[in-house]
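S.K.: model this:
(one chain, ligands or ions: 1)
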Amino acid sequence: MDLGISGKTALVCASSKGLGLGCAEALAREGVSLVMNARSEGPLEASAAAIRAETGVEVTTVAADITSAEGRDKVLAAAGQVDILVTNAGGPPPGLWSDWSRDDFIAAFDANMLTPIALMQALIPSMAARGWGRIVNITSQSVKAPIPVLGLSNTARAGLTGFVAGTARQVAGQGVVINNLLPGIHATDRAEALDGAVVDAQGITMEEARAQRFATIPAGRYGTRDEFGAACAFLCSQHAGFMVGQNILLDGGAVNTTL
Ligand code: NAP
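M.R.: Numbers count the residues shown, from 1 in each chain. Now for the predicted structure:
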């Protein structure tokens, strides 16, 4: 299927690895020029070089912390005019409800709620003025079904979801389509870190921790970054123009709901 977005420009945040990288790769394969971002320069440059070599698209890299105002300014200045925005950042650490201080909550809000909101506020006006834009926010299955040890994530992402629900409907008439992609467990460094925490907490092996988690996923496995990227590229496509303000689960059936 031709997604109809060749020649567009996408800003994909936090994209040197994992799910963000999957989105960048899938968009590049559709002929979309990229602005890629991550904090560490080495992996960012390596991923950008691999994408250039595979697809031939133009890739601009910006090493910066997207959760800081300075980082966002740097990324937005380098990006210029953007047609497609994929928001993403690292997820908050696990813990117990009683562990977290006000500062922990503020950090989670900054990373997983206020940063995507600030990026949308910065880029929607020019998308709307040109009558076309696509925004995908990478959130989490925890928006639909809370993950108790990820209380900071549950809280911050619920706030972002509320913002998107209203805003998507305010800007849809101007050709700007906003949706959220909700990953379940995918085979990335983040999943490795979460499984590592289970290993430490329960005194079991990594294989046992994985087997325990696989058993909670009807598909019986973790998702891949290619699968995630392909879904993201579709949401950024011409074909997704009537799909507004949705929260799309990619979780192998792990969240047990009818709707
Ligand atoms: P990952 O494999 O650890 O990759 C994270 C990427 O984001 C890296 O490129 C990292 O590069 C970059 N990054 C992290 N913090 C950043 C920051 N402040 N500014 C700029 N770049 C930043 O993580 P992932 O699995 O792809 O997860 C992505 C998001 O999806 C996270 O919010 C995670 O909580 C959420 N999620 C993931 C899963 C899963 O199973 N993987 C499930 C549900 C939700 P640098 O470290 O160099 O900055």
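S.K.: near the ligand, which residues of the chain are found?
M.R.: Neighbours of the ligand within the chain, by Cβ under 6 Å from any ligand atom: 14-20, 37-40, 43, 65-67, 88-91, 138, 140, 183, 185-186, 188-191. In short, each C-beta sits where N, CA and C put it, glycine included.
S.K.: now, those residues that are in strands?
M.R.: Within the residues of the chain next to the ligand, residues falling in strands by DSSP state E are 37-38, 138, 183.
S.K.: would you mind checking which helix or strand in this structure has the lowest mean pLDDT?
M.R.: helix 189-202 (a mean of 90; mean pLDDT, DSSP states H and E).
S.K.: in it, which residues are buried?
M.R.: Buried residues in helix 189-202, counted by 16 or more other Cβ atoms under 10 Å: 190-191, 194-195, 198.
S.K.: before we move on, what about stretch 57-77?
M.R.: For stretch 57-77, by 16+ other Cβ under 10 Å, it's 57, 59-67, 71-72, 74-76.
S.K.: picking up where we left off before, and the ones in strands among the residues of the chain next to the ligand as JSON lines, adding pLDDT?
M.R.: Shown next, in JSON lines, are those (pLDDT from 0 to 100):
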{"residue": "37", "pLDDT": "98"}
{"residue": "38", "pLDDT": "98"}
{"residue": "138", "pLDDT": "98"}
{"residue": "183", "pLDDT": "97"}
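S.K.: which of those residues sit farthest apart?
M.R.: The most widely separated members of these are 37 and 183, with 18.6 Å between them, by Cβ to Cβ.
S.K.: where do the strands of the stretch 1-150 of the chain begin and end?
M.R.: 9-12, 33-38, 59-63, 84-87, 133-138 (DSSP state E, counting those that start in this stretch).
S.K.: reformat the ones you listed as JSON lines; add distance to residue 160.
M.R.: Formatted as JSON lines, the strands of the stretch 1-150 of the chain follow (distance: least, Cβ to Cβ, whole Å):
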{"stretch": "strand 9-12", "distance to residue 160": "17"}
{"stretch": "strand 33-38", "distance to residue 160": "18"}
{"stretch": "strand 59-63", "distance to residue 160": "22"}
{"stretch": "strand 84-87", "distance to residue 160": "9"}
{"stretch": "strand 133-138", "distance to residue 160": "6"}
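S.K.: spit out the contact partners of residue 33.
M.R.: Residue 33 makes contact with 7-10, 57-60, according to Cβ atoms under 8 Å, 6 or more residues apart in numbering.
S.K.: could I get those as a markdown table with pLDDT?
M.R.: Listed next are these as a markdown table, based on pLDDT from 0 to 100:
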| residue | pLDDT |
| --- | --- |
| 7 | 98 |
| 8 | 98 |
| 9 | 98 |
| 10 | 99 |
| 57 | 98 |
| 58 | 98 |
| 59 | 98 |
| 60 | 98 |
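S.K.: kindly reformat those residues as JSON lines containing distance to residue 84.
M.R.: Below are the contacts of residue 33 laid out as JSON lines (distance: Cβ to Cβ, whole Å):
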{"residue": "7", "distance to residue 84": "11"}
{"residue": "8", "distance to residue 84": "6"}
{"residue": "9", "distance to residue 84": "7"}
{"residue": "10", "distance to residue 84": "4"}
{"residue": "57", "distance to residue 84": "13"}
{"residue": "58", "distance to residue 84": "14"}
{"residue": "59", "distance to residue 84": "14"}
{"residue": "60", "distance to residue 84": "14"}
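S.K.: so who does the residue in the stretch 51-200 of the chain that the ligand sits nearest to touch?
M.R.: Nearest to the ligand, among the residues of the stretch 51-200 of the chain, is residue 91, at 2.1 Å (Cβ to the nearest ligand atom). Residue 91 makes contact with 111-112, 140, 150, 153, 190, according to Cβ under 8 Å, 6+ apart.
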